[in-house]
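Participant: sharing a model prediction with you, sequence too.
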Amino acid sequence: MIEFVLNGAAVSVAAPEDTPLLWVVRDELKLKGSKFGCGAGLCGACSMQIDGKPARTCIMPISAIAGKNVVTIEGLGTPEQLSVVQQAWVDHSVAQCGYCQSGQIVAATALLAANPSPSDADIDAAMSGNICRCGTYPAIKRAIHTAAAALADSGTTEALGVHYFDPATSNTVEVTA
Amino acid sequence: MNTTRRQLLKALGISTSGLIVGCSLPFSAKATGAFENESGFAPDAFLHLSPEGQLKFIFPRIEMGQGAMHGLTTLVAEELNIDPHEIEVLHAPADAEHYANPLIFNMQLTGGSTSMIAHYDMLRQAGANMRQALIQAAATKTGVDASAVSLADGVVIAGIERFPWGQLAVEAAIKPVPTGIPKSSADYRFIGKQGKRIDGVAKSTGTASFGLDIDIEGLHRAVVVHCPVIGGEPESSNAKEILAMPGVTHVIPIFNGIAVVADQLWNARKAAKALKIEWDLPDDLSTANSTDLPAQMKAYADREQGMEVHSEGDTKQAIATSQRTLSQDYFAPYLAHATMEPMNCTIKLTEDSCDIWTGTQTPDVVQAMVVSKVGLDKSQVRVHNQMLGGGFGRRVPTDYVREAIEIGAAAGVPVQVVWSREDDMRNDYYRPASFMRFEAGLDNANTVAGITCKRVGPQIADYAMEDLAQAVTASWLPESGARWLGKTVGGFLNNNVQADDSSVEGLIDDYDVANRAVHQVSFDPGLRLGYWRSVGHSFSAFGKESFYDELAAEAGADPFEFRLKHLSGNPRLKGVIERVAELSDWTARRAAGEFIGIAAHTSFGTAVAEVAKVSVNGGKIKVEEVWCAVDCGYAVNPSMVQAQMESGIIFGLSAALDGEINYVGGVVQEGNFNDYPVVRMAESPQIHVAIVNSSDKPLGGVGEPGTPPIAPAVANAVFAATGMRLRSLPLHKAIKSSMV
């Protein structure tokens, strides 16, 4: 059994330890928000935060996750409590088919946590790991700028996600609404 | 559609009768379609109001990102004066009787950029009728005259009375449905305005459900090892050894490979890797190499006259007597769809029922396939259509559904078939490779006197027929029989009666040229074909718009001015090309020597013109900026139209720069995003979109029309930058060959 923290809660999984984290989270833990796109770490649809950093979970065996903090799209926000990035996504109608957007939002959230006021070039560099076949890139860029402005207004990075990883305490912290 | 094809479809059991035109829907006060067993008020198969006041809309098409769900919901929201976000929207069940697409042979098919124009009038009328029914019920209930009754956000306003509209549901349901009058545009609250798409929250929180997300009690997962050459069948294997591997419950030979079924996907995948299979390969395709294509197609163009597809005037005469003539050849390769979500299908099959969960553009064909393969009645087969993680035409064929049916029937447990990215890339229904030889004559006024195009390549309809035939032939008909039915009959029609329109569309249209002709020369290596976003236009616009650019150069004219000169008979395309020239500051940028290219093309009822600005360094093309003007008649949701132009441009740009499917001995070489690269954020240009409304209602779609112009606009910009004419796609490959 491998134990880790998922969206702030301790979990224990029985899957064979070479099973990629993506399939454990989706099929054993039943969180379907992170998606399968390529199985080779090339498209970013499977992105989750592991100890605060975005990771390609389709090629990450759960043996490597023991004791770590994992935050998925479900941990960043819910329909009732959208994160500032998700609100910007909704306001700009970013999603078209929507399949890649969980990964895009995880990547955008990580970008803003590290760089609250990114330039277009910063966005290009940070977001080029996430493929979108519907071509929502221009809308993503607009939404990231909006989210950055909203974050600047709020004066805190808490709005980035309902659950966020606090490197100071190595814990996933939950923001109470 | 010609008579013989209609007859074939009829033989296959696909109805082509009963074209629904405008508002002649069979309305009744009884619940119909998906509302068969629900209480409340359902004036037709699309709308339902519960006594609790919840308005439900059965969306007759499938949402694949194109925004049709939001668009069609906007129409009923407008008529019933309620925010689209307040409406519960559901995908239609398999039911072509109620949810057919009147523009596509009355099949329940989503495609051809038809969703908005197919349903615009009928849904506005449906909404207006429901409104009128509720108003009349309110008038009866309150004694207030109908003229003083209105609906606002689910509240009935009757004189000074206010009450929730749910209170009218039961009363309205027992009266005949009246005919209402759709709202005047002066009163629009949603149509033509900016709005947030209704599926945005779900898709931004990971709570939207796609086919792959379905999970039910006792679900097994299946991995299919496909024959490396499409169309091959398994002969023998080490299946017995694989059955002993951890978690594996079944190993099942199916029509196109061997399926490994297990308790978990990862166990199935590991076991599948250990499978060794001897294949019976298809004759033609297993000897074909894509590197031979350009030369082979050119040889056919040199040798064959082909079948005349279209002819106006006298092109021979016009070109022979021209001041100057020009002839050029263009080439476009096979392409994969590469939807973000790989193919998948979930099936729960019992003795007397079947539930299928998948994303499909043709739910009625899915249902028909279950009926014919398993022997159940239609009433026992439920298709639960899920949001598509990308369609682009890939979800029209039902091959992945057929796999699930064969596996589910043999395994006797609920099964989800999950394709890998490699499965998806190598078992596609590809955009056909095409060779286009254009020839034209310029008169002494430097206008085009005559133009011809000889297109060499395989025809999509052959494979569409084959796929349909598979769906409706019983399981006892051998594989070869069903394939014969489709390919031979379809092929006969396409080669001797009339060429497949979708394989030759858009080659010589748009401009004022009295003498023009298209010939189709059939050449088919045997790689399976399908409908790829913008279909024939995806390659024909590249040929036509590159050629017109070369004609402009021959005439010593500006590319924009030259095209404009030939558009007096085409006011909508003229409108967008003028708008894009204005938007992009075309004349000023040209004068300043900027590297820009222009292209204009009409497809699916919509006129689009694009200008691309590039920089070229060491063989690398960077598209910096794109300007786009679009006329779809009328933009119901301007932000959706803008999104579809951005989408079509970026999708087309991936293909234009790097898209190419290669095969060696019929084995597709590309497998994932490392060898089939697509545009990412860093390569995505800044895009400016201007919408030109030439009407008060939609005249064309927007899902596909943004794609055709981008490849030629970029190629023409590269010419401006380098003096090199790139006449084959993908452009990065062509530029490398030109530089050698």
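Facilitator: Here it is on my side, so go on.

Participant: looks like residue B:382 contacts residue B:94 (just checking).
Facilitator: Yes - between residue B:382 and residue B:94 there is a contact under C-beta atoms under 8 Å: 7.4 Å. C-beta here means a position set from N, CA and C on the backbone, and glycine is covered the same way.

Participant: need the residues touching each of the two.
Facilitator: The contact sets of residue B:382 and residue B:94 do not overlap (C-beta atoms under 8 Å, 6 or more residues apart in numbering or on different chains).

Participant: the two - which one has more neighbours?
Facilitator: Neighbours were counted for residue B:382 and for residue B:94 using other C-beta atoms under 10 Å in any protein chain shown; residue B:94 has more, 23 against 16.

Participant: residues touching that one, list them.
Facilitator: So residue B:94 contacts B:108, B:363, B:364, B:366, B:367, B:378, B:381, B:382, B:383, B:385 (C-beta under 8 Å, 6+ apart).

Participant: again with residue B:449
Facilitator: By C-beta under 8 Å, 6+ apart, the contact list for residue B:449 reads B:318, B:319, B:321, B:322, B:440, B:441, B:442, B:443, B:513, B:514, B:515.

Participant: keep only those of those residues that are in helices.
Facilitator: B:318, B:319 (DSSP state H).

Participant: which non-adjacent residue is nearest the residue minimising distance to the centre of chain A?
Facilitator: With distances taken as C-alpha atoms, centre = their mean, residue A:106 lies nearest the centre of chain A, 2.4 Å away. Nearest residue to residue A:106 in three dimensions, chain neighbours excluded: residue A:47, at 4.3 Å (C-beta to C-beta, 6 or more residues apart in numbering or on different chains).

Participant: that neighbour reaches residue A:55, doesn't it?
Facilitator: Yes - shown here, residue A:47 and residue A:55 form a contact pair, counting by C-beta under 8 Å, at 6.8 Å.

Participant: out of those two, which sits in the busier spot?
Facilitator: Shown here are residue A:47 and residue A:55; by other C-beta under 10 Å, residue A:47 has more neighbours (30 against 21).

Participant: just the pLDDT for that one.
Facilitator: You'll see residue A:47 listed with a pLDDT of 98.

Participant: can you name the residues bridging to it?
Facilitator: Under DSSP bridges, the beta-bridge partners of residue A:47 are residue A:56.

Participant: for it, give its distance to chain B.
Facilitator: 11 Å (C-beta to the nearest C-beta, to the nearest Å).

Participant: list the contacts of the residue in the stretch 51-200 of chain B positioned nearest to chain A.
Facilitator: Closest to chain A within the stretch 51-200 of chain B is residue B:65: 3.1 Å, counting by C-beta to the nearest C-beta. Going by C-beta under 8 Å, 6+ apart, residue B:65 touches A:95, A:96, A:97, A:98, A:134, B:388, B:390, B:391, B:647.

Participant: what is the burial count for the closest residue to the last one other than its chain neighbours?
Facilitator: Which is residue B:647. Nearest residue to residue B:647, sequence neighbours excluded (C-beta to C-beta, 6+ apart): residue A:135, at 4.2 Å. A count of nearby residues for residue A:135, using other C-beta under 10 Å, gives 28.

Participant: and residue A:135, what is it in contact with?
Facilitator: Here residue A:135 is in contact with A:96, B:646, B:647, B:648, B:649, B:650, B:651, B:679, B:684 (criterion: C-beta under 8 Å, 6+ apart).

Participant: same thing with residue B:571?
Facilitator: Residue B:571 neighbours (C-beta under 8 Å, 6+ apart): residue B:694.

Participant: at 10 Å instead, please
Facilitator: Residues in contact with residue B:571 (C-beta atoms under 10 Å, 6 or more residues apart in numbering or on different chains) are B:607, B:631, B:694.

Participant: just send these back as TSV, with pLDDT, secondary structure and neighbour count too.
Facilitator: Below are these laid out as TSV (pLDDT from 0 to 100; DSSP: H, G, I helix; E, B strand; the rest coil; neighbours: other C-beta atoms under 10 Å in any protein chain shown):
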residue	pLDDT	secondary structure	neighbour count
B:607	98	strand	28
B:631	98	strand	28
B:694	96	coil	14
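
Participant: which of the residues you listed lies closest to residue B:206?
Facilitator: Residue B:206 lies nearest to residue B:631 out of the contacts of residue B:571, by C-beta to C-beta, at 36.7 Å.

Participant: which stretches of chain A form helices?
Facilitator: A:21-23, A:73-76, A:84-91, A:101-114, A:120-127, A:137-154.

Participant: residue B:112 contacts residue B:66, doesn't it?
Facilitator: No - with contacts counted by C-beta atoms under 10 Å, residue B:112 stays clear of residue B:66, the gap being 11.4 Å.

Participant: and for these two, which residues touch both?
Facilitator: Common neighbours of residue B:112 and residue B:66 (C-beta under 10 Å, 6+ apart) are B:701, B:703, B:704.

Participant: okay if I get those as CSV plus pLDDT, distance to chain A and secondary structure?
Facilitator: What follows is the shared contacts of residue B:112 and residue B:66, written out as CSV (pLDDT from 0 to 100; distance: C-beta to the nearest C-beta, whole Å; DSSP: H, G, I helix; E, B strand; the rest coil):
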residue, pLDDT, distance to chain A, secondary structure
B:701, 98, 15, coil
B:703, 98, 10, coil
B:704, 98, 13, coil
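
Participant: put the buried members of the residues you listed into a ChimeraX selection.
Facilitator: Buried residues among those (16 or more other C-beta atoms under 10 Å in any protein chain shown), as a ChimeraX selection:
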select /B:701,703,704
